[in-house]
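1. With the sequence up front, the predicted model follows.
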Amino acid sequence: MHLHIGTWAGNFEPYWNAISQAEEPEAETGLYQISITGHVATFIDEISREMGFSYRYFRIDNLVHAQHHIDNGDLDMFLEYELRQEMYKQDVPPKPSYLYNWTYSNYSNVTWWASSTGVGTDYSLTLPLYQSPTGALGYKERSFIGLWRFMRPFTANLWWMLLFCLCSYSVLKVGLGLLHEGNAASRRTVPPPLHSCRCGGPECTSSGLHMPLPTEVPPSARRRLAIRFSSAFYHTFAVFLQGDDYNWSTVPLRILRTSILVVVLVTVATYTANLASFFTQSEYSIIGPETVADLRDSVACSVIHTNYSETLGNYVKKLINPEHCSESGWSECGRLFCHDQLRTGAADIWLDDYNGLHEYSSRHCEDLNERPAISLYPYTSRIFMLLTDQNSPLTANLSTAILFLTNQPWYLNLMDESFRLQHVCGEDDEGTEETEKVTLDSMWGLFLVAGVIAACSLLAAVDDIEDGSADDSSVQPNSYI
């Protein structure tokens with residue numbers, strides 16, 4: 001048995017692709033013979049081996065063209081793509097387009113479909129050679145790493161609050177030290193030098209035991225106060241870094257240290273817990289809706305869906321299509337159009353056949369991201385064979401072969417080869433890891449801060465040398481605390 005199969009000519013990979021066409025039509029039928037490759041072509045080839053028939057493909061231009069040649073016996077069957085929507089109410093269908101037809105009926109009444117598209121009622125359909133629900137693709141873009149990624153676990157106002165706490169604790173530590181020194185000085189009496197008292201002078205009492213209080217602050221008092229504060233800030237900061245080496249000798253200072261440790265405990269634990277997630281998070285951010293509920297406020301692009309009120313327009317705010325493309329359906333022009341709409345931000349999501357989107361995204365892992373939570377099963381893409389009722393025995397045999405082959409391991413391998421089902425954007429694809437390794441770019445800010453602090457220590461040493469105090473042992477580290 002030899003069959004003539006009519007199909008659309010064009011590039012609709014991975015479903016099918018017309019790779020060549022005869023230069024002249026056949027004299028008897030006026031049809032151009034074509035050669036096709038892809039998922040459907042491989043599947044039909046396997047069906048032909050299973051049933052023992054040979055076949056040839058011929059180009060058709062529209063449904064009326066296909067009907068004419070089927071009625072004349074030039075074609076035995078016609079490969080058709082259908083976007084089926086299961087609904088519980090009858091509706092007026094739109095005009096049929098070149099590559100897809102809409103079915104608005106309960107459980108897809110074949111006779112109604114055939115009459116609505118103008119093909120007629122004396123036709124039958126095989127089981128689908130292919131079917132898949134509607135899925136979604138979104139856009140992802142590279143996040144900016146920057147120098148200060150190590151500071152991202154806390155917000156800016158929290159960092160300013162921690163700095164304010166450091167300064168406040170340092171001032172309070174200096175104040176407590178001064179109060180302690182004043183209290184200790186008031187408990188002891190220091191006799192003045194004998195030469196400082198002059199009998200009868202206004203500077204001395206009759207006993208000559210007390211010195212007058214100075215009326216001006218000595219010039220070195222400000223420097224000594226600055227040293228006190230810097231030393232206090234250093235020791236307070238050391239507590240925050242868990243490198244405390246100071247002897248908090250008095251009770252007030254120990255109470256103050258307890259307050260600091262409470263802040264340190266919560267701050268360090270929270271920062272450490274968040275730091276790892278910020279360093280190892282993906283360097284790509286996901287853009288657009290991620291659930292079906294998010295679609296209602298989104299602009300969607302679709303290659304095979306069109307903007308009719310009873311279709312995907314019920315789910316999204318707006319639906320845009322590649323109307324400028326000469327080929328309708330899953331054409332290369334349409335795919336590039338929707339990809340560009342995502343890239344420019346004109347569309348938030350791409351809704352089309354799930355397997356087709358998966359195959360396309362697996363080759364564009366660098367900027368496309370599948371949305372598994374968005375799967376619209378009422379909208380199902382199907383490819384089937386259309387035959388006349390006179391060939392109903394052949395329709396039944398073809399459906400039996402399709403049912404048998406789709407339940408074989410061979411068909412799973414075919415689906416994997418056609419749509420790359422086993423391929424998941426992962427470590428072998430640039431920028432697609434769920435978590436990223438910590439890179440030097442994300443740590444530059446930390447090294448910059450550490451380098452500035454180390455440079456400050458060098459400047460301080462140079463300043464001591466210039467002041468001639470590098471070896472001065474008269475000022476002890478804690479003498480002013």
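-> Structure's in. What do you need? Fair warning: this is a prediction, and the values are worked out from it, not measured in the lab. Numbering: from 1, shown residues only.

2. helix or strand right after the helix or strand containing Ala401?
-> Using DSSP states H and E, Ala401 sits in helix 392-406. As assigned by DSSP H and E, the chain's next helix or strand after helix 392-406 is helix 409-419.

3. Kindly calculate the angle that the helix holding Ala401 makes with helix 409-419.
-> Calculated by axes from the mean of the first three to the mean of the last three C-alpha atoms, to 10 degrees, helix 392-406 forms an angle of 80 degrees with helix 409-419.

4. Show me where the stretch 51-200 of the chain has its helices.
-> 63-71, 110-116, 156-186 (DSSP state H, counting those that start in this stretch).

5. Flag every buried residue along the helix holding Ala401.
-> Residues Leu394, Thr395, Asn397, Leu398, Ser399, Ala401, Ile402, Leu405, Thr406 are the ones in helix 392-406 that count as buried (16 or more other C-beta atoms under 10 Å). All C-beta spots, glycine's among them, are computed from the backbone N, C-alpha and C.

6. Please name the residues that touch the nearest residue to Ser361 once chain neighbours are set aside.
-> Closest residue to Ser361 apart from its sequence neighbours, by C-beta to C-beta, 6 or more residues apart in numbering: Leu368 at 4.3 Å. For Leu368, the residues meeting the contact criterion (C-beta atoms under 8 Å, 6 or more residues apart in numbering) are Leu137, Gly138, Tyr139, Lys140, His339, Leu342, Tyr360, Ser361.

7. go on, Asp352?
-> Thr134, Gly135, Leu137, Ser302, Val303, Ile304, His305, Trp330, Cys338.

8. Mind doing that once more with 7 Å?
-> Thr134, Ser302, Val303, Ile304, His305 (C-beta atoms under 7 Å, 6 or more residues apart in numbering).

9. Would you mind reformatting the residues you listed (as a markdown table) and adding columns for pLDDT and secondary structure while you're at it?
-> Formatted as a markdown table, these follow (pLDDT from 0 to 100; DSSP: H, G, I helix; E, B strand; the rest coil):
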| residue | pLDDT | secondary structure |
| --- | --- | --- |
| Thr134 | 87 | strand |
| Ser302 | 88 | coil |
| Val303 | 87 | coil |
| Ile304 | 80 | coil |
| His305 | 70 | coil |
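
10. which two from those residues end up farthest apart in space?
-> For those, the farthest-apart pair by C-beta to C-beta is Thr134 and Val303; their separation is 11.3 Å.

11. out of those two, which sits in the more crowded spot?
-> Val303 (29 against 24; other C-beta atoms under 10 Å).

12. Helix or strand with the lowest mean pLDDT in this structure?
-> strand 102-105 (a mean of 31; mean pLDDT, DSSP states H and E).

13. tell me the domain ranges of the chain?
-> 2-131+383-419, 150-189+219-281 (automatic domain parsing).

14. OK, contacts around Arg371?
-> Ala136, Leu137, Gly138, Glu290.

15. Tell me, how many residues neighbour the third one?
-> The one in question is Gly138. Using other C-beta under 10 Å: Gly138 sits among 22 other residues.

16. which residues does it contact?
-> Neighbours of Gly138 in contact, by C-beta under 7 Å, 6+ apart: Ile286, Ile287, Gly288, Ile349, Asn369, Arg371.

17. Ramachandran angles for the closest residue to it other than its chain neighbours?
-> Closest residue in space to Gly138, ignoring its immediate chain neighbours: Gly288 at 4.0 Å, by C-beta to C-beta, 6+ apart. Phi and psi for Gly288, reported as degrees, to the nearest 10, are phi 100, psi 180.

18. Would you mind confirming that Gly288 is in contact with Asp348?
-> Yes. Counting by C-beta atoms under 7 Å, Gly288 touches Asp348, with 4.2 Å between them.

19. Identify the contacts common to those two.
-> Ser298.

20. can you give me the helices in the stretch 351-481 of the chain?
-> 354-362, 392-406, 409-419, 444-466.

21. Could you check the angle the first one makes with helix 409-419?
-> Taking the same axes, to 10 degrees, helix 354-362 and helix 409-419 form an angle of 50 degrees between their directions.

22. Run through the neighbouring helices and strands of helix 354-362.
-> strand 130-142, strand 368-370, helix 409-419 (3 or more C-beta pairs under 7 Å, 6 or more residues apart in numbering; DSSP states H and E).

23. what lines up beside the first one in the sheet?
-> Strands that pair with strand 130-142, judged by DSSP bridges, come out as strand 284-287 (antiparallel), strand 349-353 (antiparallel), strand 368-370 (antiparallel), strand 376-388 (antiparallel).

24. just those strands: most buried one?
-> Neighbour counts (mean count of other C-beta atoms under 10 Å) averaged over each of the strands paired with strand 130-142 peak at strand 349-353, with a mean of 27.

25. Present the buried residues of helix 392-406 as TSV; the columns should include pLDDT.
-> TSV is the format used below for the buried residues of helix 392-406 (pLDDT from 0 to 100):
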residue	pLDDT
Leu394	87
Thr395	87
Asn397	90
Leu398	91
Ser399	90
Ala401	92
Ile402	92
Leu405	93
Thr406	91
